[in-house]
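> Show me how the following folds:
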Amino acid sequence: MRKYKHITPDQTTVTQGSPLSHHIPSMKSLIAFDATARLGSMTAAAEEERTTQPTISQRIRTLEENIGLPLFDRQGSRLTLTFQGDRFYREVAPHLKEIRKAFEQIVHDGKRPSPSIVIAAGSGFTHLWLLPRLPALKQAFPDLSFKLMPIDRADDPELQAADIAIRFGPHVPQDEGRLLASEAVFPVCSPSYAHEHNLSETFTEASLSDTLLLHQDIKDPRWLDWTQWLQCAGLSLTTQDDVFLYHNYALLLNATLAGQGIALGWSILVEDYLTTGQLISLEPRVKRENYGYWLSVKHHRSALIKPVSDWLIGAVHQ
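Below is the predicted model of the structure:
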């Protein structure tokens, strides 16, 4: 049991004439008092707090002046708490312990790496839709980190291993993926190119004679090329001698933005450019039944990932 000495008002060494201050004591003063009360020595408290004995003494003196009562009996060879000091210690010490615990916990949490979520999708979708929305995604989930993986092959093992996989193609009955966006494909070009070639709102066979169709080097049957699109739209393709194949969709779209010709646009990939007026769309729109972007998640991490997948689906329909 801690020993303390009861000091009556006429024995106090602190002036009682001034009114009691209502200011909250400094944390340094409280820590100095707590350490001295626990260790029974200002010298020991100074060693624990990595400071000097006079500094600890001054902080305790300031605390006593703030309170208006002595907290230690300094008349013996060893410091002992006064009656008021002991009561104050028993009330303050648990709270200081909780403050230390909270501080240590937040420092520990700050050093812990954020859970990482891998989102895999085709390169066109990754660069044209996901990447522009990454800042908003991070803002919505500040405790998570995200890694985007552009993967174009449907059978790529990394696509299957990703936390969130977004694949393009027809609906697969055994796949539990959720529809992110249906397919809608139509010609797009820059406003200047449309004006230069007198293109109206509808793309016709007559439009083919005076325009350059921009092609992508597609070796994937999931995607429509110009020949397939024209067939779906009920139009015939005239032979074009000047054909340049672009390696990926982002390059193809950059050429379209630069006014070099007409490209096929997938609605979800070009919607931002249509909204800003950098591109214009031409009718008709080709839609294949059950084709679109499908989102699937890892089931063993679904509690962490499902809110993110819900956010992605919601962002498509904003």
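
> For residue 215, see how far away residue 46 is.
To residue 215, residue 46 is 79 Å away according to C-beta to C-beta, to the nearest Å. Glycine gets a C-beta too; all of them are placed from N, C-alpha and C.

> for residue 88, same thing?
Here residue 88 is placed at a distance of 82 Å from residue 215 (C-beta to C-beta).

> With residue 82 instead?
Between residue 82 and residue 215 the computed distance is 91 Å (C-beta to C-beta).

> Neighbour count: those two, which is higher?
The neighbour comparison of residue 82 against residue 215 (other C-beta atoms under 10 Å) goes to residue 82, with 21 against 18.

> next one: phi and psi at that one?
Note on residue 82: backbone dihedrals following degrees, to the nearest 10 are phi -70, psi 170.

> wait, doesn't it sit right on residue 67?
No. Residue 82 is beyond contact range of residue 67, at 11.0 Å (criterion: C-beta atoms under 8 Å).

> Let me know the secondary structure of the residue nearest in space to the middle of the chain.
Nearest to the geometric centre of the chain sits residue 138, at 2.0 Å (C-alpha atoms, centre = their mean). Assigned by DSSP: H, G, I helix; E, B strand; the rest coil, the conformation of residue 138 is helix.

> How is the residue lying closest to it once chain neighbours are set aside assigned, secondary-structure-wise?
Sequence neighbours aside, residue 146 is the residue nearest to residue 138 in space, at 6.7 Å (criterion: C-beta to C-beta, 6 or more residues apart in numbering). Three-state assignment for residue 146 (three-state DSSP): strand.

> Residue 293 versus residue 146, what's the distance?
18 Å.

> out of these two, which sits in the busier spot?
For residue 146 versus residue 293, the count of surrounding residues by other C-beta under 10 Å is larger for residue 293: 23 against 17.

> Can you list the residue ranges for strands in the stretch 151-300 of the chain?
Here the stretch 151-300 of the chain has its strands, by DSSP state E, counting those that start in this stretch, at 164-170, 178-182, 185-189, 215-216, 245-246, 263-266, 280-281, 291-297.

> dump the residue contacts of residue 253.
Contacts of residue 253 were listed using C-beta atoms under 8 Å, 6 or more residues apart in numbering, and they are 124, 128, 263, 265, 269, 270, 273.

> Specify which member of these is nearest to residue 107.
residue 128 (40.6 Å; C-beta to C-beta).

> nearest spatial neighbour of the closest one, skipping sequence neighbours?
Here the residue nearest residue 128, using C-beta to C-beta, 6+ apart, is residue 269, at 4.7 Å.

> I am finished for the moment; much appreciated.
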